[in-house]
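Chemist: Next one to model:
(chains A and B)
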Amino acid sequence: MWGAIVNIANVVIESLIYPGLLTIIALIITTQWFSRKLAGRIQYRRGPTYTGPAGFLQPLADLLKLVSKEDFINKYGLKLSPLVVIFLAIGALTSVTLATPLAYQPLFAPYDFIVIAYVILLSPFALAYLALSQPNPYSGLAAGRYLALLFSAEPAFTAAMLTPIILAGRHSGALFSTYLTSTVSYGLWSLNPASFIAMALGSLAAFIGLMAILMIRPFDFPEAESELYWGLFTELGGPRLAFAFFTKFVEDIVMPVLYVMFFLGGPWPVDPGNWWLSAIVVLLKYFVVLAVLRWVENSMPRFRPDQGIRFLWKYLYPMSFLALIISVLA
Amino acid sequence: MMLSPDSFIMVYTGVIALIALTVYVALYELFQNAGGRRVSEEAEPIRYYPVMCGWDADYKETPPLSKVITDILQRSWRHLHKPLAEGGKAYMRDWYVWAYIALVALAIAALIVRWS
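Modeler: Below is the predicted model of the structure:
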């Protein structure tokens, strides 16, 4: 009885404090500050400087300003359902951190990747729904582009992420679990030559898929700043814009962390049993991936929608499904 | 903490609901009560019009989503789309294609119910 109460208390603390909601808010502030400073450096400007030391608190100031504004919708907009959907999407994305080495008591189960893959699908559709809930020609066009992008990137991205899950499940006894796969993923590169090829193809495919799902240039045509006003976010303001950004920024944290867990060895080289050292290693690797993503984003021009979709079908799909097939045969 | 798949789904659903509720209370309800809802209602009707760049502000028509998606996909496969679409239509007009589809469906159904 006492053990069950302690477990429930642990799950609640992990959900709301570490590595859940509060930590995610702190990570959003850090990663957004880091991204904006890096973009500033690449573009010969200074990035945020005004709020907090070196502008560190600017993302927090932006969040507080937006949530304090009036919740405003246009006369054709939906009022409640988009809020319910976006809160659930934030909850779903944040909860993924409980199944990573960031957690001090990670939650896992056999075949839990199916649940995780399903849960991370919720957020892009929540963003599209939020955009469509405020009728506007620009956001409608952007939502169409976004769904075409998801249709072309999500299945291939999931197939690429399944590569280490299947390899670890078949050769390392990881039970097709997200957390257990991350603890053995460093060894998957050297199981045999076929597993190396599968991991190499899978990591490349997953990285391209990651860029597409996170709408990182050259795949930012759904957002298409200045071309479609502000794309998905055109009609949003105040708290709704804050929650749309919140969802997108949590995606910017959770998806690269999953990439680190599956393809960059997770907590390796430290012992996964030491949770705080594992968390530090995973976060360090995450910041490296984030820096690469931001560097690519600020160095590339934007694809036209048909160019981007064609690229994904032509290169991402064959690569990811080939990796999947090799992982099954390896 | 290793759980059974069923318990994992239940705990996970609970965690999602808990975080969603906390975000709603802490970042929406609290801030709206503190400041957001105090903004006075303004009478200007244009305030509730969609954001447009100097066009008729009350223009509400949005492009159909399915049309945007199919248009993008058709453009991305423009070299393949036309011959495939025309060839596909020609095939679909022939009765034996439908008979073949029905036969395959019967075979799959037979496999599923283990008649074979």
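Chemist: okay, CA-based contacts and neighbour counts for the rest of this
Modeler: Noted.
Chemist: Regarding chain A, what is its longest helix?
Modeler: Longest helix in chain A by number of residues (criterion: DSSP state H): helix A:137-171.
Chemist: Spell out whether that helix and chain B are in contact.
Modeler: Yes. Helix A:137-171 is in contact with chain B by C-alpha under 8 Å from any C-alpha of the partner chain, via A:137-138, A:140-141, A:143-145, A:147-148.
Chemist: So which bits of the helix-or-strand element of chain B with minimal mean pLDDT are buried?
Modeler: The least trusted helix or strand in chain B, going by mean pLDDT, DSSP states H and E, turns out to be helix B:78-92, with a mean of 74. Buried residues in helix B:78-92, counting neighbours by 16 or more other C-alpha atoms under 10 Å in any protein chain shown, are absent.
Chemist: Next: stretch A:81-88.
Modeler: Here stretch A:81-88 shows A:82-83, A:85-88 as buried, counting by 16+ other C-alpha under 10 Å.
Chemist: so what's the backbone phi/psi at A:Ala200?
Modeler: phi -60, psi -50 (degrees, to the nearest 10).
Chemist: pLDDT wise, what is it at?
Modeler: With respect to pLDDT, A:Ala200 scores 95.
Chemist: ok, now B:Ala102?
Modeler: On the pLDDT scale, B:Ala102 gets 91.
Chemist: secondary structure element for it?
Modeler: helix B:95-112 (DSSP states H and E).
Chemist: hang on, the earlier thing: what is the longest helix of chain A packed up against?
Modeler: With contacts taken as 3 or more C-alpha pairs under 8 Å, 6 or more residues apart in numbering or on different chains; DSSP states H and E, helix A:137-171 sits against helix A:112-132, helix A:178-188, helix A:193-213, helix A:238-263, helix A:305-311, helix A:317-329, helix B:65-76.
Chemist: Counting by contacts, list what the longest one packs against.
Modeler: Read it as helix A:238-263. Against helix A:238-263 (3+ C-alpha pairs under 8 Å, 6+ apart) you get helix A:21-42, helix A:58-67, helix A:81-95, helix A:112-132, helix A:137-171, helix A:178-188, helix A:193-213, helix A:275-297.
Chemist: Are stretch A:203-223 and chain B in contact anywhere?
Modeler: No. Figure legend: stretch A:203-223 not in contact with chain B (C-alpha under 8 Å from any C-alpha); closest approach 11.5 Å.
Chemist: And the contacts of that stretch?
Modeler: Under the contact criterion C-alpha atoms under 8 Å, 6 or more residues apart in numbering or on different chains, stretch A:203-223 has outside partners A:142-146, A:149-150, A:153-154, A:156-158, A:160-161, A:230-233, A:248, A:251-252, A:255-256, A:259, A:263, A:293, A:296-298, A:300-305, A:308, A:316-317, A:319-320.
Chemist: Put the buried members of the residues you listed into a PyMOL selection.
Modeler: Burial among the contacts of stretch A:203-223 is assessed by 16+ other C-alpha under 10 Å; the matching PyMOL selection reads:
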select buried, chain A and resi 142+143+144+145+146+149+150+153+154+156+157+158+160+161+230+231+232+233+248+251+252+255+256+259+263+293+297+298+302+303+304+305+308+316+317+319+320
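Chemist: picking that back up, including pLDDT, could the residues of helix A:137-171 next to chain B go into CSV?
Modeler: Formatted as CSV, the residues of helix A:137-171 next to chain B follow (pLDDT from 0 to 100):
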residue, pLDDT
A:Pro137, 85
A:Tyr138, 87
A:Gly140, 89
A:Leu141, 91
A:Ala143, 92
A:Gly144, 93
A:Arg145, 93
A:Leu147, 94
A:Ala148, 94
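Chemist: Understood, closing this out.
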